[in-house]
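Enquirer: Take this sequence and fold it.
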Amino acid sequence: MLEVDQITTRYGAITALHAASLEVRAGELVALVGPNGAGKTTLLNTVAGLLRPATGNVRFDGNDITGAEPASLVRAGLALVPEHRRIFKDLTVEENLRLGGSTATKLDRLARLDEAAELFPVLRSKWTTSAGFLSGGEAQQLAVARALMSNPRLLLLDEPTLGLAPTMVDVVFDLLERLREQGRTMLVVEQNATRVLHLADRGYLLRTGNVVATGTGAELADNSALFDSFIGPESHGGDA
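Expert: Numbering: from 1, shown residues only. You can find the predicted model right below:
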């Protein structure tokens, strides 16, 4: 479904990604892990059209989408749940969700609102609450629900558990597992490296803008030497 081929992305004179490549197949949960500053968010933002690569290509369903406008990518079936959530705090939960479904027909949008209420019961109970009053875990669920309102074929999630209390981390991982069971295709950047890799079908390890290892989620999660070399021994316990 997604092919990232030899992508190099720069911020001015600084190269954040060095000829990085990965792929995501339909129905997979693919994890992208690595230390802070490895280029994980840069890769997601490049795929989502927020950054334009200096070299390389991004293909979605075989079509070249390199540097395409984010709005056109949403219509094509790709949605990003950004780092720090970026919900509209002055709008209600329902209004945030309706904005997420702005590309859908009225009937589809109503149906997806019902689906969101079913999948996220905590949001259903706060339908008319301003999003700025949500807890961190609730806000993260809203960010995911808003992305799902466009009915994406590929969901990109950037650090979905960042800054959350341990109990809320569990809630988010339960959500990822439910979405995976539904057959959602996902590319997930996550600080809890071992945990997300145990959930993932496959994983990529990124360091200083380079893909340094790839394999099944279990293979990477259980490779202590790899973690100690490229992320650090403390992160093999689940807090990469």
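
Enquirer: how many neighbours does Pro152 have?
Expert: When counting by other Cβ atoms under 10 Å, one arrives at 20 neighbours for Pro152. From N, CA and C alone the C-beta is placed, and that goes for glycine too.

Enquirer: err, Thr8, not the other one
Expert: The number of residues near Thr8, taken as other Cβ under 10 Å, comes to 16.

Enquirer: Counting by contacts, list what the top helix by length along the chain packs against.
Expert: Determined from DSSP state H, the single longest helix within the chain is helix 166-181. With contacts defined as 3 or more Cβ pairs under 8 Å, 6 or more residues apart in numbering; DSSP states H and E, the packing partners of helix 166-181 are helix 136-148, strand 185-189, helix 193-199.

Enquirer: can you tell which of the ones you listed is closest to Arg109?
Expert: Relative to Arg109, the nearest member of the helices and strands packed on helix 166-181 by Cβ to Cβ is helix 136-148, separated by 12.0 Å.

Enquirer: Quickly run through the sheet partners of the helix or strand following the closest one, with directions.
Expert: Counting by DSSP states H and E, the next helix or strand C-terminal to helix 136-148 is strand 154-158. Partner strands and pairing direction for strand 154-158 (DSSP bridges) are strand 78-81 (parallel), strand 185-189 (parallel).

Enquirer: and the shortest one, how far out from the chain's middle?
Expert: I take that to be strand 78-81. 7 Å (Cα atoms, centre = their mean, to the nearest Å).

Enquirer: just the angle between the helix or strand just after it and helix 136-148, please?
Expert: For strand 78-81, the following helix or strand on the C-terminal side (DSSP H and E) is helix 93-100. With axes from the mean of the first three to the mean of the last three Cα atoms, to 10 degrees as the basis, helix 93-100 and helix 136-148 are set at 30 degrees to each other.

Enquirer: buried stuff in helix 93-100?
Expert: Neighbour-count burial for helix 93-100 flags 93-94, 96-98, 100 (criterion: 16 or more other Cβ atoms under 10 Å).

Enquirer: sorry, back to before: minimum distance to Ile7: which of the helices and strands packed on helix 166-181 has it?
Expert: Closest among the helices and strands packed on helix 166-181, using Cβ to Cβ: strand 185-189, at 13.4 Å.

Enquirer: Pull the residues that contact that closest one.
Expert: The contact list for strand 185-189, computed with Cβ atoms under 8 Å, 6 or more residues apart in numbering, reads 1-2, 24-33, 40-41, 43-44, 47, 83, 153-160, 176, 179-180, 196, 200.

Enquirer: Could I have the CA atoms of it written out in PDB?
Expert: What follows is strand 185-189, C-alpha atoms only, in PDB (Å, rounded to 0.1, in the frame of the first residue of the first chain):
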ATOM      1  CA  THR A 185      -3.400  -0.500   8.000                       C
ATOM      2  CA  MET A 186      -1.200   1.600  10.200                       C
ATOM      3  CA  LEU A 187       2.300   3.000  10.400                       C
ATOM      4  CA  VAL A 188       3.100   3.900  14.000                       C
ATOM      5  CA  VAL A 189       6.000   5.900  15.500                       C
END
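
Enquirer: That's all I had, so thanks and see you.
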